[in-house]
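**Student:** Sequence and predicted model, in that order:
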Amino acid sequence: MASRKTDKYSVLLPTYNERENLPLIVWLLVKSFTQSGYNYEIIVIDDGSPDGTLEIAKELQKLYGNDKIVLRPRATKLGLGTAYVHGIKHATGNFVIIMDADLSHHPKFIPQFIKKQKELKCDIVSGTRYIGTGGVYGWDFKRKLISRSANFLAQFLLRPGASDLTGSFRLYKKDVLQKIIDSCVSKGYVFQMEILVRANQFGFTLGEVPITFVDRVYGESKLGGSEIVQYAKGLLYLFATT
Ligand code: UDP
Ligand code: MG
């Protein structure tokens, strides 16, 4: 049986213009894993950020060691979906954690994800803003409405058995995530949702942990009108084909 000693958690951190956020998120991750005693690595997948995020990541690598901070940058902004595909190739852990680098996802929830996974022995643990103590802080009405509607529509059309489809703070068994990724067709924001829909089709098991999502303080969201259109298209595609 896997144990605290043999388990390793590979955190995939996609970054695009996160120079202000990266040092803090990495520090919080290191603190969380050091306290809980689990083995880990942080894989920073920088999307060719013009703000020098990669240079900051190199400094952090010097500070924490290149076994803990692994750099797998791409030359240009290729988007989130492909960042995960790229990142998982380099993951050496038997578990993969995916989260945003902008501090919207707090590393303090990771030990809860790990505990839930061990309790249920499930394939995936998903952070959820939509049950129990979960929630969203700092978003204006418009952004909340967009997120809620996107989630509601997806729930209604796809019924995947998970309460937060558009969130992206999750823990996966690595081989499970690899199998799901290989079957996914979407690239952008809709990727997060497709993962849970495919997981459900494959019969993978899911646990949920309520999380609070806090809007970024530094830097700008990359969600724009074109992503919303892409999402709607992707959702309809999944509805039509699954
Ligand atoms: N990101 C990325 N490549 C992109 C767009 C975003 O690596 O092309 C990263 C970004 O730096 C952040 C995460 O993906 O760590 C989520 O992006 P963002 O915070 O802009 O999205 P939002 O939280 O507003 O949905
Ligand atoms: Mg964000």
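**Tutor:** In hand now; what should we look at? Numbers count the residues shown, from 1 in each chain. Ligands and ions are numbered 1, 2, ... in the order given.

**Student:** CA atoms for contacts and neighbours, from now on please.
**Tutor:** Will do.

**Student:** So which bits of the lowest-mean-pLDDT helix or strand in the chain are buried?
**Tutor:** Within the chain, confidence by mean pLDDT, DSSP states H and E is lowest for helix 225-241 among all helices and strands, at a mean of 86. For helix 225-241, the neighbour count (16 or more other C-alpha atoms under 10 Å) marks 228, 230, 231, 232, 234, 235, 238 as buried.

**Student:** Stretch 11-26 too?
**Tutor:** So stretch 11-26, judged by 16+ other C-alpha under 10 Å, has buried residues 11-19, 21-23, 25-26.

**Student:** In TSV: these, plus secondary structure and pLDDT.
**Tutor:** Formatted as TSV, these follow (DSSP: H, G, I helix; E, B strand; the rest coil; pLDDT from 0 to 100):
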residue	secondary structure	pLDDT
11	strand	98
12	strand	98
13	strand	97
14	strand	96
15	strand	97
16	coil	95
17	coil	96
18	coil	97
19	coil	96
21	coil	97
22	helix	98
23	helix	97
25	helix	98
26	helix	98
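
**Student:** so which of these also contact ligand 1?
**Tutor:** 14, 15, 16, 17, 18 (C-alpha under 6 Å from any ligand atom).

**Student:** was I right about the last one contacting residue 219?
**Tutor:** Yes - counting by C-alpha atoms under 8 Å, residue 18 sits close enough to residue 219 to count as a contact (6.6 Å).

**Student:** just for this protein, where's the confidence low?
**Tutor:** 1-4 (pLDDT under 70).

**Student:** Would you map the strands across it?
**Tutor:** 8-15, 39-46, 69-71, 95-98, 124-128, 135-137, 170-173, 206-210, 212-214 (DSSP state E).

**Student:** Can you tell me which of the ones you listed is most buried?
**Tutor:** strand 124-128 (a mean of 27; mean count of other C-alpha atoms under 10 Å).

**Student:** Which neighbouring elements make contact with it?
**Tutor:** On a contact count with 3 or more C-alpha pairs under 8 Å, 6 or more residues apart in numbering; DSSP states H and E, strand 124-128 meets helix 110-120, strand 170-173, strand 206-210.

**Student:** Name the strands paired with that strand and say parallel or antiparallel.
**Tutor:** With DSSP bridges as the test, strand 124-128 is paired with strand 170-173 (antiparallel), strand 206-210 (parallel).

**Student:** Any idea which of those gets closest to ligand 1?
**Tutor:** With C-alpha to the nearest ligand atom, the closest approach to ligand 1 among the strands paired with strand 124-128 belongs to strand 170-173: 13.2 Å.

**Student:** Can you name the residues in contact with that closest one?
**Tutor:** For strand 170-173, contacts defined as C-alpha atoms under 8 Å, 6 or more residues apart in numbering pick out 94-99, 113-114, 123-127.

**Student:** tally of neighbours for residue 200?
**Tutor:** Residue 200: 17 surrounding residues under other C-alpha atoms under 10 Å.

**Student:** sorry, that was for residue 158
**Tutor:** Count around residue 158 with other C-alpha under 10 Å applied: 18.

**Student:** Residue 169 against residue 96, yeah?
**Tutor:** No - applying C-alpha under 8 Å, one finds residue 169 not in contact with residue 96, separated by 10.8 Å.

**Student:** if I look at residue 236, how far off is ligand 1?
**Tutor:** 20 Å (C-alpha to the nearest ligand atom, to the nearest Å).

**Student:** again, but for residue 5
**Tutor:** 29 Å.
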